[in-house]
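> I'd like to go over a predicted model; first the sequence, then the structure.
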Amino acid sequence: MFIQRFLHSTGRYVELMGRTFRKPESWRMFGKQYLKEMAQLGTDSIGIVLLISFFIGAVICIQIKLNIQSAWMPLWVSGYVTREIMLLEFSSSIMCLILSGKVGSNIASELGTMRTTQQIDALEIMGVNSASFLILPKILGLVTMIPLLVIFSTVSGVIGAYATAWVGHIITATDLTAGMQHDFVPWFFWMGAIKSLFFAFIIASVSSFFGYTVEGGSIDVGKASTNAVVSSSMLILFSDLFLTNILS
Amino acid sequence: MIELKHLYKSFEDKDVLKDINTTFDNGKTNLIIGQSGSGKTVLMKCVVGLFEPTSGEVLYDGRDFVGMKKKERTLLRREMGMIFQSAALFDSMSVLENVMFPLDMFSDDSYKERRRRAEYCLDRVNLLEAENKFPDEISGGMQKRVAIARAISMNPRYLFCDEPNSGLDPRTSLVIDELIHGITKEFGMTTIINTHDMNSVMGIGEHILYINQGVTAWEGTKNEVVGSGNQSLLDFVFASDIFRKAVISQE
Ligand SMILES: Nc1ncnc2c1ncn2[C@@H]1O[C@H](COP(=O)(O)OP(=O)(O)O)[C@@H](O)[C@H]1O
Ligand SMILES: [Mg+2]
């Protein structure tokens, strides 16, 4: 029963993506939508990304310094671990997990409301491919913006770690810098960026699917928005496992 | 002209439309009337292709819509305008942007020309002064008028209105009816209106299709309603005894 429903949804998702990835009917309108989505999904998320990353960067650094570091470990270990956790997992996977809550529910409720108030029907009657017109700019917009958010997140995490040195005096800035510079592998940054592109696609397309296919009224829009967040989070977690394996 | 031939529509467990046959002429206000739940919206959605009919034909000036390829369908749709029960304006756009939207999508005209056309349509529905407002800032009647302006911006040959008067007071309803009637005459469009409003029936019903439980129960013009002798139709149109007595005694 569950398997059957899963396969049914997957089929409908693939079909929707087939209608989404079409040449836009009007480049002028596509450009307008694309810019709008980059602002709404990307720029508007910068604040939350900076805030959360700053605190997580600081907390990781404190945890390692106070609770893990011991006499036989080198002094640079706190800075080193903070950097690697931010680069490898936090700034890509965990941040996308958080964004799936914000961006995913935003997308699903917007499209769901358009569906229940017949705005999507109105587009179809005008002869517009509503799937492509509404969903394609969202997917491309978020995929464009996500690497930028990854960079912001990493930088903010590092600043958070330094705050524990400058403000909290928990670690010396010299030790921290030594750790931050220790054995840097540029590929780790690229790995995070590449993973985030996949996650952005998952968030935007899965949430669009749940919103676009709403049937009923406002309660169903709420349900769709919850489903969007849960499903895209799960998919991010699973795909993180595979992507990390492949890219490492 | 739109022709329906042997149109059937069923959902899993329920037959909603059973053998609908009719012709909607251009330059005429064609009304589909019937109680709530009788299948008016389903019929209109079958005609415009938001639902696939279970069987039967829908011909737009002889062009078979049901069997059409997706691409041809999209092109034919650019000749259609539709006003939804809920107005269905895009709430992220201003009134002017709503009316300009179809032009922005499909017209090669310059911005100035597109804007002039949109303002002409807004002026036609007497709403030029509201062009910078957003849909949630204007009344239900105004939203319907914006929807009309948006529907006619591309000069459609076919106009569909699903209960354009629902949720409006009687006076505003008359304004909307007159507007749709006037536009139909002016542009010679094929207009189909779903309604259960008796004022519309007796006011602009040039061709009336009465649907009861999914079948055509009566067809005629507004002048033939009273003398039709069709009890179910009379019960529906003159639901209130007060009106019925007034009309019958006049006869
Ligand atoms: N998508 C659908 N699935 C199943 N039944 C439907 C669907 N849409 C409408 N119906 C049924 O079709 C009948 C006619 O509905 P409708 O055309 O909306 O009536 P109205 O004349 O008030 O517009 C109703 O009984 C309704 O339950
Ligand atoms: Mg209806």
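Structure's in. What do you need? Ligands and ions are numbered 1, 2, ... in the order given.

> check what pLDDT residue A:75 gets.
On pLDDT, residue A:75 comes in at 90.

> the helices in the stretch 151-251 of chain B, which residues?
Along the stretch 151-251 of chain B, the segments classed as helices by DSSP state H, counting those that start in this stretch run B:170-187, B:198-204, B:222-225, B:231-237, B:241-250.

> which strand or helix spans the residue nearest to the spatial centre of chain A?
By C-alpha atoms, centre = their mean, chain A has its centre lying nearest to residue A:96, at 2.6 Å. Residue A:96 is part of helix A:95-116 when elements are defined by DSSP states H and E.

> for the helix or strand following that helix, give me every contacting residue.
Toward the C-terminus, helix A:95-116 is succeeded by helix A:119-125 as the next helix or strand (DSSP H and E). Counting contacts by C-beta atoms under 8 Å, 6 or more residues apart in numbering or on different chains, the residues outside helix A:119-125 that touch it are A:111, A:113-114, A:130, A:133-134, A:212, B:48, B:50, B:77, B:80-82, B:84, B:88-91, B:160. In short, each C-beta sits where N, CA and C put it, glycine included.

> which of those fall in strands?
The members of the contacts of helix A:119-125 that map onto strands under DSSP state E are B:80-82, B:160.

> of the residues you listed, closest to residue A:61?
Using C-beta to C-beta, residue B:82 is the member of the ones in strands among the contacts of helix A:119-125 that lies nearest residue A:61, at 59.6 Å.

> wait, isn't that closest one in contact with residue B:164?
No: using C-beta atoms under 8 Å, residue B:82 and residue B:164 do not qualify as a contacting pair, with a distance of 10.5 Å.

> how about the residues of chain B near chain A?
When proximity is defined by C-beta under 8 Å from any C-beta of the partner chain, chain B lies next to chain A at B:48, B:50, B:74-78, B:80-82, B:84-86, B:88-91, B:101-102, B:104-106, B:154, B:160.

> residues in contact with whatever residue of chain A ends up closest to ligand 1?
When distances are taken as C-beta to the nearest ligand atom, chain A reaches nearest to ligand 1 at residue A:215, 7.8 Å away. Residues in contact with residue A:215, defined by C-beta under 8 Å, 6+ apart, are residue A:115.

> give me the phi and psi for it.
With angles defined as degrees, to the nearest 10, residue A:215 shows backbone torsions of phi -130, psi 130.

> that one and chain B: what is the separation?
Computed as C-beta to the nearest C-beta, to the nearest Å, the residue A:215 to chain B distance reads 13 Å.

> same deal with residue A:20?
Spatial separation of residue A:20 from chain B under the definition C-beta to the nearest C-beta is 15 Å.

> need the contact list for that residue.
Counting by C-beta under 8 Å, 6+ apart, the residues that residue A:20 touches are A:131-132, A:135-136, A:139, A:205, A:208.

> okay, the residues you listed in a markdown table with neighbour count and distance to residue B:70 next?
Shown next, in a markdown table, are the contacts of residue A:20 (neighbours: other C-beta atoms under 10 Å in any protein chain shown; distance: C-beta to C-beta, whole Å):
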| residue | neighbour count | distance to residue B:70 |
| --- | --- | --- |
| A:131 | 23 | 12 |
| A:132 | 17 | 13 |
| A:135 | 26 | 18 |
| A:136 | 25 | 18 |
| A:139 | 23 | 22 |
| A:205 | 23 | 22 |
| A:208 | 26 | 21 |
